[in-house]
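Undergrad: Using only what follows, build the 3D model:
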Amino acid sequence: MKRWSTYMYALILISMLNTSCGVLNPPRTENGYYIGHYMSCGPEAIERALNHYSAKNGIQFKRAWTTKDISIRIQDRAGTINLRSILTVLDRESAQITWPKEIVSELKSHGITAKLIRSVDELDISKDTAIVLVHKRGTLNLYHWICYPVESLNHFGDMTVIDRIYILER
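TA: Down below sits the predicted model:
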């Protein structure tokens, strides 16, 4: 029993010394917001989708939204205790996560519905704008939000797995 405890403490210490550990190397913040989230793929995909959707449909928004604006709005809605903040204790890169519900909520705040569909076969490149969540096959940490058709759905090449597809609708 004592040997197991020694190994566990050693393993915990080694994992905390890992450079990605959020305890010893927390993500950078600015006015309480995660800077890494400002230019992460979630806010970028939303910005691209809003621009593409509005251009395709002749919609004029009252103002242009930057990825930083979008990120701040997303982080404001998350509250003080949220899963993104909890995960940053384990890995500082977790500050870049944008959850599916946050994508849907941000689009809704712009008067756009994010309709979940099952397959890329339902997409029409000539008229649809979609936000798609993909990940690299065989990994647990390589996920990416894409604005279709602005970006290719093959983000990870042949290893790309499509997880969620949201078509933008008025």
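
Undergrad: partners of the longest strand anywhere in the chain, with directions?
TA: Ranked by residue count and defined by DSSP state E, the top strand of the chain is strand 160-169. Strand pairing for strand 160-169, using DSSP bridges, gives strand 113-117 (antiparallel), strand 130-136 (antiparallel).

Undergrad: What lies in contact with that strand?
TA: Contact with strand 160-169 is made by 49, 53, 100, 103-104, 107, 112-120, 122-123, 128-137, 143, 148, 153-154, as judged by CB atoms under 8 Å, 6 or more residues apart in numbering. Just so you know, the C-beta spots here come from the backbone N, C-alpha and C atoms, and that holds for glycine as well.

Undergrad: got the contact list for the residue positioned nearest the centre of the chain?
TA: Centroid-nearest residue in the chain: Thr98, 2.9 Å away (criterion: CA atoms, centre = their mean). Contact partners of Thr98, counting by CB under 8 Å, 6+ apart, are 37, 40-43, 74, 145.

Undergrad: Just those: which are in helices?
TA: Counting by DSSP state H, the part of those found in helices is 37, 41-43, 74.
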